[in-house]
Each structure stands twice: as structure tokens, then as C-alpha cells.
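Trainee: what's the 3D shape of this:
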Amino acid sequence: VLIGFVLVFYLAIDPLMAQILAPIQARGIQVIFTTMSEALVTKFKVALLAGMIIASPVVIWEIWGFIKPALYPQEKRKFRLLFVLALLLFLTGVVFCYFAVYFLAVDFFLISGENLATPMLSIDKYVSFLFGFLLPFGVAFQLPVFMFITTRMGWTNANSLASKRKYVILALAIVAAILTPPDVVSQLMLLIPMCVLFEVGVLVSKTVKPRVREENADEAA
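Mentor: Here you go, the predicted structure:
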């Protein structure tokens, strides 16, 4: 993590900050800093997060090495596949949010305060807002993985999930309303992918055999 932090801070922090500030600067608004150290500390935060992302393969390898001896060969294969899928879904959620939803959210907040006050955005609060906006989308895109785990543990099944579809869609609509600005477009742009992911999760659940049944089968044998 320290090596990744140093590399990002000295080699890539300026283009990285430019990309982070692009949505707000594209609308002709320049961020400010209100304390002497705010800009530098914000760069440290961004570089540290980027360093953690760069170091994540090593961290994950160490975690995998710790839990690997406790898994059966078949479980090892499923765990690797599940982890790769979860990572791809998380990245997809973050990228989708940044390019499809976040710009709309910025427009909404700026327009809503247009005739009320002049925007003077602190760089630290802006970056915190951005990360706080992106991460929930990455987590929300984990829905199929969550459904796979609950089905595998025997807590639910494809039939019960399908029968509760209308309640799940209502719950997803509430989640979308909480995670996005109070405008219909942003909410729909999160709700629709989550509904699609739910249907994918139902299809995945149909192929999953609950672990409890396997254990019962072994006891019977």
C-alpha cells in the first residue's frame, strides 16, 4: 500500500485529480480549499485510496493464502469464480455510476441551487461526496453475488425469490431513491440495472445447489 501510494502521489496524482474534478470543472466551476493543508491532504487521501487499489492483488493473495487450506477443492474453484465476478460487478457499478449517473446528479444539484447561492465547492468535501456517491453503486451491483450466497447457504431459493419479485422491486426502488438524488432519471438509471441484476440472480439461483442438502446427502450416505 505504501509503495502504491508513493507511485500514485509522485507519478499520477495530477491526471487523477483532473479526472476526479472533470465533472464539476466541465460546468465552469472551480473548486476551492478553505484551509492551508486541505488541498494537500485531499491529494494524500486520493493517492492512498489509489495505492490501496494497486496493492489489492497482493492483499487478496495473502487473504486467499490464509483461507485456502480450509476449503475443499470444489469450494476453491467456486470461491475464485465468485470473487472475480464480485470484483467485476463492483467495478461495473462504479464506472456506470461515474459516466451515466454522476454527471446527471451534478447537474441536478447545481441547477437546484442556481438562483439561491453561488457554488464555492471545497475540494475535500467534493472528493468525499464523489467517493460517497460511487461506492454505493459498486455495492448495489453485488446483488447477484448476494443472491448466490444466500441460495448456497440454503436461506432462499429461486422459486421464493421469483414469488417475491414485486416486493423486491419495491425494495430496490426505495434503495435507488436513497442512493441517488431526488430526481426520477437518476433513480431509474440505478433501479433498472438493479432489476436486471435481480433477474440474473434468480437465473443463477436456479443452478445453485444449497450446501445444506449436500451435507444431508453425505450424512445419509
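
Trainee: Just grab the bridge partners of the closest residue to M120 other than its chain neighbours for me.
Mentor: Closest residue to M120 apart from its sequence neighbours, by C-beta to C-beta, 6 or more residues apart in numbering: I32 at 5.6 Å. In this view, the C-beta of every residue, glycine as well, is placed from N, C-alpha and C. Taking DSSP bridges as the rule, I32 bridges to S122.

Trainee: What count of nearby residues applies to I32?
Mentor: Using other C-beta atoms under 10 Å, I32 has 13 other residues around it.

Trainee: so what's L40 scoring on pLDDT?
Mentor: At L40, the predicted lDDT confidence score is 92.

Trainee: residue contacts, it?
Mentor: Applying C-beta atoms under 8 Å, 6 or more residues apart in numbering to L40 gives no contacts.

Trainee: And the one 3 residues further on, by the same measure?
Mentor: Taking C-beta under 8 Å, 6+ apart as the definition of contact, the neighbours of K43 are 9, 13, 17.

Trainee: From what I see, M194 and L170 are in contact.
Mentor: No: applying C-beta atoms under 8 Å, one finds M194 not in contact with L170, separated by 12.0 Å.

Trainee: what packs against the one helix or strand S128 maps to?
Mentor: Following DSSP states H and E, one finds S128 within helix 123-140. Secondary-structure packing of helix 123-140 (3 or more C-beta pairs under 8 Å, 6 or more residues apart in numbering; DSSP states H and E): helix 13-25, helix 38-67, helix 73-96, helix 165-179, helix 184-206.

Trainee: May I ask you to confirm that V46 is in contact with V127?
Mentor: Yes: contact criterion C-beta under 8 Å: V46 and V127 qualify, at 6.5 Å.

Trainee: Mutual contacts of these two, please.
Mentor: With C-beta under 8 Å, 6+ apart, V46 and V127 have common neighbours I20.

Trainee: can you tell me which residues contact the residue minimising distance to the centre of the chain?
Mentor: Per C-alpha atoms, centre = their mean, the C-alpha nearest to the average position across the chain is that of G138, at 1.3 Å. Going by C-beta under 8 Å, 6+ apart, G138 touches 89-91, 93-94, 97.
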